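**Student:** Give me a model of this one.
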Amino acid sequence: MGNDDNVHITDFGLEEKGAVAKWDVTFNNNDRLNIEVAYQDLTLLEDFDPTRVQEDDIFLLAGNRYINYFFSSQIRTDQRKIFSYTIKPFIGKFFEGLRTGIEGSVTYRYQPYGSVSVNVNYNHIRLDMPYETTNLWLIGPRIDFTFSKKVFLTTFIQYNNQLDNLNINSRFQWRFAPVSDFFLVYTDNFSTDPFDQYTSRNRALVAKLTYWLNL
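**Tutor:** Okay, here's the model as predicted:
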């Protein structure tokens, strides 16, 4: 057995390694360009489904070694502007298959009241048989609203087709004194499965109070 009670770990051996190379450029108008190359060498310690949507008996076997690498390029415009966006396409080898996709966000600032933004993450994963080609989506609108210098409301919604889940999270904040806040947070998770659509999986209402003692 290995150091972590796993038959695939060699005592005091190097089981995983990786490297990342980045190149960042900031332009005069405060737009930014980022180019990144990432490398990962790993050995699976447990049976693993990299898509997490396959049948229960379809997975990569523990003990197998894989080398993954990715190339991505990101463009981010000046976040101080009324309208801004970020876009990041990527491609790379992924567990003997191919992973391509894009991440991005669009933000509109309605000063001085707040902002509206939408975040999108898309992954297309193609592995060898018997794996099915998988398309994974994360879509998350967010609204920030400022009622005054002391009262704020943030609402975040996220759809995840990998988990068949729709999450709603809303946070009310009241700054009643310097560095002292009252928070009220409501969260709810709904199933988007066609056979169990929009049934609440769990919900919560949480209150939190912080107070700064200047002794």
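**Student:** The host helix or strand of Gly101 pairs with which strands, and in what direction?
**Tutor:** Using DSSP states H and E, Gly101 sits within strand 97-110. Applying DSSP bridges, strand 97-110 is found paired with strand 83-94 (antiparallel), strand 114-126 (antiparallel).
**Student:** Quick one: end-to-end distance for stretch 77-84.
**Tutor:** With Cα to Cα, to the nearest Å as the measure, stretch 77-84 spans 6 Å from end to end.
**Student:** export the strands paired with strand 97-110 to a markdown table and tack on distance to Thr134 and mean pLDDT?
**Tutor:** All C-beta spots, glycine's among them, are computed from the backbone N, C-alpha and C. Formatted as a markdown table, the strands paired with strand 97-110 follow (distance: least, Cβ to Cβ, whole Å; pLDDT from 0 to 100):
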| stretch | distance to Thr134 | mean pLDDT |
| --- | --- | --- |
| strand 83-94 | 11 | 96 |
| strand 114-126 | 5 | 96 |
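**Student:** so which of these gets nearest Asn189?
**Tutor:** For Asn189, the closest of those is strand 114-126, at 17.8 Å, according to Cβ to Cβ.
**Student:** Quick check: next helix or strand after that closest one?
**Tutor:** Per DSSP H and E, strand 114-126 leads on to strand 134-146 as the next helix or strand towards the C-terminus.
**Student:** what packs against that next one?
**Tutor:** When contacts are defined as 3 or more Cβ pairs under 8 Å, 6 or more residues apart in numbering; DSSP states H and E, strand 134-146 packs onto strand 114-126, strand 151-160.
**Student:** Just the buried positions in the longest one, please.
**Tutor:** Of the residues in strand 114-126, those buried under the neighbour-count criterion (16 or more other Cβ atoms under 10 Å) are Gly114, Ser115, Ser117, Asn119, Asn121, Asn123, Ile125.
**Student:** contacting residues around that strand?
**Tutor:** Applying Cβ atoms under 8 Å, 6 or more residues apart in numbering, the contact partners of strand 114-126 are 50-51, 94, 97-110, 133-146.
**Student:** For the nearest residue to Gly140 once chain neighbours are set aside, list each beta-bridge partner.
**Tutor:** Distance criterion Cβ to Cβ, 6 or more residues apart in numbering; nearest residue to Gly140, sequence neighbours excluded, is Gln158 at 4.0 Å. On the basis of DSSP bridges, Gln158 is bridged to Asn167.
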